[in-house]
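A.B. asks: I need the structure of the sequence given here:
(chains A and B)
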Amino acid sequence: MLPKIIMTPEDIRRTLARMAHEIIERNKSIENLVLVGMRTRGVPLARRLAATIASFEQAEIPVGALDFSLYRDDLARLDLQPIVKSTDIPVNIDGRTIILVDDVLYTGRSTRAAMDALIDLGRPEQIQLAVLVDRGHRELPLRADYVGKNMPSSRHEDIQVKLTETDGVDEVAIIAQSSLKEGQQ
Amino acid sequence: MRQVQQKDTLTVKPEAPPLLWRHRHILDLDDFTLEEIELVLRTSDAMKEVLSRAIKKVPTLRGKTIASLFYEPSTRTRSSFELAAKSLSADVVNLSAGASSIVKGECLVDTLSALEALGADIVIMRHPMSGAPYIAARYLKASLVNAGDGWHAHPTQALLDLYTIREHKGSLKGLKMTIIGDIKHSRVARSNIWGLTTMGAKVTLCCPFTLLPAGLNHRQDQFPKVTIEADIEHALDGADIVMALRLQRERQPSGLLPSIREYVRLYQLTESRLAKAKPDVIVLHPGPVNEDIEIASSVARGPRSVINEQVTNGVAVRMALLYLLAGSRQL
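C.D. replies: Numbers count the residues shown, from 1 in each chain, chains lettered A, B, ... in the order given. Next up, the predicted model:
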C-alpha cells in the first residue's frame, strides 16, 4: 500500500500555530513554561512551538531535549536497541510547567517513560503533553493536553511523521506496516 | 525578554540507521568495528549525562543481576563496574578469589555455573590467565565481560581510554599515540592498540626490547601495524597522546631489565621529555601508577595528565557496555 499523506507542510505549520495559541491560552503566563521535546522528532517540534509562541508573545521559552531510552519498559523485546542520546534541558525544572512534546501519541508507553525520566531530574509544578498526531490505542491511562490531529488508525498501520530537520521534508503519512522496516516506531 | 542559552546538542541531525549490536560477550577489541566502537562512545556520552545529575540513577537494568568475579586484585575496574551496574539499577554480586570457594579448589567453569544458577545475567571476570574469558564464554549462557585476562586484553579499559582521548581531541584519525613501558605484559596496551588502530590513530611503542611482545609487525591479521622506537625522545616527538605503563613486576621473570634505576634513567616519562611532544599532548596511565618509576610524579599530577578523568569516564563507558549487552536478544 502506498503511504497516504494526511498532513502537508502547510497543515503542519497551521496546526503548530493553533497548538501554540492553545498553550498560551491554557497557561496564561508563559514565564514558567519549559518545552521539552522527546527524542527524536519531538525536539524539532518543541523548537517550532517555542519559536511560534515567541513570535506571538515576544518572549523566549527554554527548549530541552529528553531521551527516555533508559526508562523504557520494552528494552528486552526490541529487535533493535535504541541508541541512547543525552538528555539536555537548559534550566532547572523544579517548579516549572513542563510541556512534553512528541510527534505521535500511541500506546502511551513512551510518555510514561518520558515522565519518569523528567521526574528524576526534579519536581516540575505541572507536566502537560503536546502531540502532533494522536492515533489512539492507548495502553495506559494517559491523554494529551494539546493534540494537532486526531487520526484514528488500525494497529496494522503506522503513522510516519517526517520533519525537515530530521528527514528533509515536512509530512505526516499513514502507511501499511508491512512496508515498514521493523523497529522504526 | 528572557534570553535562554541553547546548546548545540539540541540540533537534531538526520540519523544513520541504528546499528545491530552483535556482541553477546566483550572479550577484546579485535572484533569491534569502527562503528561499534563509536556506538559505545556515543552511548557513553548519554551515560555521562546521567552521572552528572543530582540523582545518578536510571531504572534501565532493574531486575538484572550482574556478578563480578575477580581472580586478581583491582581497585578501579571493580569499583567502576559496581558503580556502573548500580547506576543502571542492577543488582550486584561481588566475588573475589580470596573469599570464595575458589580457595577450596573450585574450577572456573563450576564457579561460573554456580553464578549462573544464582541468576547472573552478566558476569564480569578478571583472570590471571590469558584467554580464560574465551573458555568461560563457551560455557556461559550469560554475557561475559572481560575485565582483564593475563597479558592478553582489557577491552573496557581501552574503550575508556578511547573515550577520554575523544573528549580532548574530537577525532582520533591520524593522531600519534606513544605507549611507553612494559608493553609485553600489558593487556591494556594490547587492547588499546586494537582500538586506536581501528579509530585511525598511529601507534608508536617505546620500551627496552625485552619488554616488547613477540611477533609484532609480523602478520597483519594477528596484530595491527605499529612503529617501534627504542629511544624515548624520538618516540615522543610530535606525539598527540602519551600513555605510560607500569612495570608489571608481578608478571615479569627476572632478567628482563638490568635494574630499575637504569629503566628510570632511560624510559621514565619526565617533563623535559614530554616537551618533545605536541603542546596540547595528553598523558594517560591505566593505573595503578608507580610514581617516579615509569612516570615522574610531576607529570602524573601535572596539567597534561588526564589520569583522573580516565577513572571518572570508566563508569560512564562501563554503563554503556552493560546497557548494550543487556539489550542483546539472548539475554
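
A.B. asks: residue in chain A nearest to chain B?
C.D. replies: Closest residue of chain A to chain B, Cβ to the nearest Cβ: A:Gln81 (3.6 Å). Backbone N, C-alpha and C define where each C-beta goes, glycine included.

A.B. asks: sec struct for that residue, please.
C.D. replies: Assigned state for A:Gln81: coil (three-state reduction, DSSP: H, G, I helix; E, B strand; the rest coil).

A.B. asks: neighbours around the closest residue to it other than its chain neighbours, how many?
C.D. replies: With Cβ to Cβ, 6 or more residues apart in numbering or on different chains as the measure, B:Gly327 is the residue that lies nearest to A:Gln81, at 3.6 Å, once sequence neighbours are left out. With neighbours defined by other Cβ atoms under 10 Å in any protein chain shown, the count for B:Gly327 comes to 19.

A.B. asks: hang on, B:Gly327 packs against B:Trp21?
C.D. replies: Yes: B:Gly327 lies in contact with B:Trp21 (Cβ atoms under 8 Å); the separation is 6.5 Å.

A.B. asks: where exactly do the strands run in chain A?
C.D. replies: Read by DSSP state E, chain A holds these strands, from start to end of the chain: A:4-7, A:33-38, A:63-66, A:97-105, A:126-134, A:146-150, A:157-162, A:171-176.

A.B. asks: just want the angle from the second one to strand A:97-105.
C.D. replies: Strand A:33-38 and strand A:97-105 meet at an angle of 30 degrees, taking axes from the mean of the first three to the mean of the last three Cα atoms, to 10 degrees as the criterion.

A.B. asks: so who does the residue nearest to B:Lys57 when sequence neighbours are not counted touch?
C.D. replies: Nearest in space to B:Lys57, with sequence neighbours left out and distances taken as Cβ to Cβ, 6+ apart, is B:Ser87 at 5.6 Å. For B:Ser87, the set of contacting residues under the criterion of Cβ atoms under 8 Å, 6 or more residues apart in numbering or on different chains consists of B:Met47, B:Val50, B:Leu51, B:Lys56, B:Lys57, B:Val58, B:Val315, B:Met319.

A.B. asks: count of residues packed around the fourth one?
C.D. replies: As a burial measure, the neighbour count of B:Lys56 was computed by other Cβ under 10 Å and equals 15.

A.B. asks: for it, give me the pLDDT.
C.D. replies: Predicted confidence (pLDDT) at B:Lys56: the value is 93.

A.B. asks: check contacts around it.
C.D. replies: Under the contact definition (Cβ under 8 Å, 6+ apart), the residues listed for B:Lys56 are B:Val50, B:Ser87.

A.B. asks: what residue in chain B comes nearest to chain A?
C.D. replies: Taking Cβ to the nearest Cβ, chain B has B:Gly327 as its residue nearest chain A, at 3.6 Å.

A.B. asks: pLDDT value on that residue, please?
C.D. replies: In this model, B:Gly327 carries a pLDDT of 78.

A.B. asks: would you check how far apart the residue nearest to A:Gln81 and A:Leu75 are?
C.D. replies: In this view, B:Gly327 and A:Leu75 are 6 Å apart by Cβ to Cβ, to the nearest Å.

A.B. asks: quick check: neighbours shared by these two?
C.D. replies: Shared contacts of B:Gly327 and A:Leu75, counting by Cβ under 8 Å, 6+ apart, come down to A:Gln81.

A.B. asks: would you map the strands across chain B?
C.D. replies: Assigned strands in chain B, in chain order: B:65-70, B:91-96, B:122-127, B:143-149, B:176-180, B:202-206, B:227-228, B:241-244, B:282-284 (criterion: DSSP E).

A.B. asks: what about B:Ala230, how many residues nearby?
C.D. replies: For B:Ala230, using other Cβ under 10 Å, the count is 14.

A.B. asks: domain ranges for chain B?
C.D. replies: Using automatic domain parsing, the domain ranges for chain B come out as B:20-154+B:312-327, B:155-306.

A.B. asks: OK, contacts around the closest residue to B:Lys276 other than its chain neighbours?
C.D. replies: The shortest distance from B:Lys276 to any non-neighbouring residue, by Cβ to Cβ, 6+ apart, is to B:Leu236 (4.3 Å). With Cβ under 8 Å, 6+ apart as the criterion, the residues that contact B:Leu236 are B:Thr178, B:Ile180, B:Cys206, B:Val242, B:Arg273, B:Leu274, B:Lys276, B:Ala277.

A.B. asks: the stretch 101-250 of chain B: helices as residue ranges?
C.D. replies: If you assign secondary structure with DSSP state H, counting those that start in this stretch, the helices in the stretch 101-250 of chain B sit at B:108-117, B:132-139, B:155-169, B:187-198, B:232-236.

A.B. asks: reformat those as JSON lines; add mean pLDDT.
C.D. replies: Formatted as JSON lines, the helices of the stretch 101-250 of chain B follow (pLDDT from 0 to 100):
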{"stretch": "helix B:108-117", "mean pLDDT": "90"}
{"stretch": "helix B:132-139", "mean pLDDT": "93"}
{"stretch": "helix B:155-169", "mean pLDDT": "97"}
{"stretch": "helix B:187-198", "mean pLDDT": "96"}
{"stretch": "helix B:232-236", "mean pLDDT": "96"}
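
A.B. asks: who wins for proximity to B:Val40 among those helices?
C.D. replies: Closest approach to B:Val40 among those is made by helix B:155-169 (5.7 Å; Cβ to Cβ).

A.B. asks: gap between the closest one and the chain center?
C.D. replies: The chain centroid and the centroid of helix B:155-169 are separated by 8 Å, computed with Cα atoms, centre = their mean, to the nearest Å.

A.B. asks: point out where chain A drops to low pLDDT.
C.D. replies: Within chain A, the set of residues satisfying pLDDT under 70 comprises A:1, A:76, A:78-80, A:178-185.

A.B. asks: neighbour-wise, which one of the contacts of B:Ser87 leads?
C.D. replies: Ranking the contacts of B:Ser87 using other Cβ under 10 Å puts B:Met319 first, with 31 neighbours.

A.B. asks: now the top helix by length along chain B: buried residues?
C.D. replies: If each helix of chain B is counted by residues according to DSSP state H, the longest one is helix B:307-327. Residues of helix B:307-327 classed as buried: B:307, B:309-311, B:313-327 (neighbour count, 16 or more other Cβ atoms under 10 Å in any protein chain shown).

A.B. asks: centre of the chain to that helix, how far?
C.D. replies: Taking Cα atoms, centre = their mean, the mean C-alpha location of helix B:307-327 is offset from the chain mean by 10 Å.

A.B. asks: which strands or helices does that helix pack on?
C.D. replies: helix B:34-51, helix B:76-87, strand B:122-127, strand B:143-149, helix B:155-169, strand B:282-284 (3 or more Cβ pairs under 8 Å, 6 or more residues apart in numbering or on different chains; DSSP states H and E).

A.B. asks: if you set the cut-off to 6 Å instead, what comes out?
C.D. replies: Packing contacts for helix B:307-327, counted by 3 or more Cβ pairs under 6 Å, 6 or more residues apart in numbering or on different chains; DSSP states H and E, involve helix B:34-51, helix B:76-87, helix B:155-169.

A.B. asks: what angle separates that helix from strand B:143-149?
C.D. replies: Helix B:307-327 and strand B:143-149 meet at an angle of 150 degrees, taking the same axes, to 10 degrees as the criterion.

A.B. asks: and the contacts of helix B:307-327?
C.D. replies: Counting by Cβ atoms under 6 Å, 6 or more residues apart in numbering or on different chains, the neighbours of helix B:307-327 from elsewhere in the structure are A:75, A:81, B:21, B:40, B:43-44, B:47-48, B:51, B:61, B:76, B:80-81, B:83-84, B:87-88, B:122, B:143, B:156, B:159-160, B:163-164, B:285.
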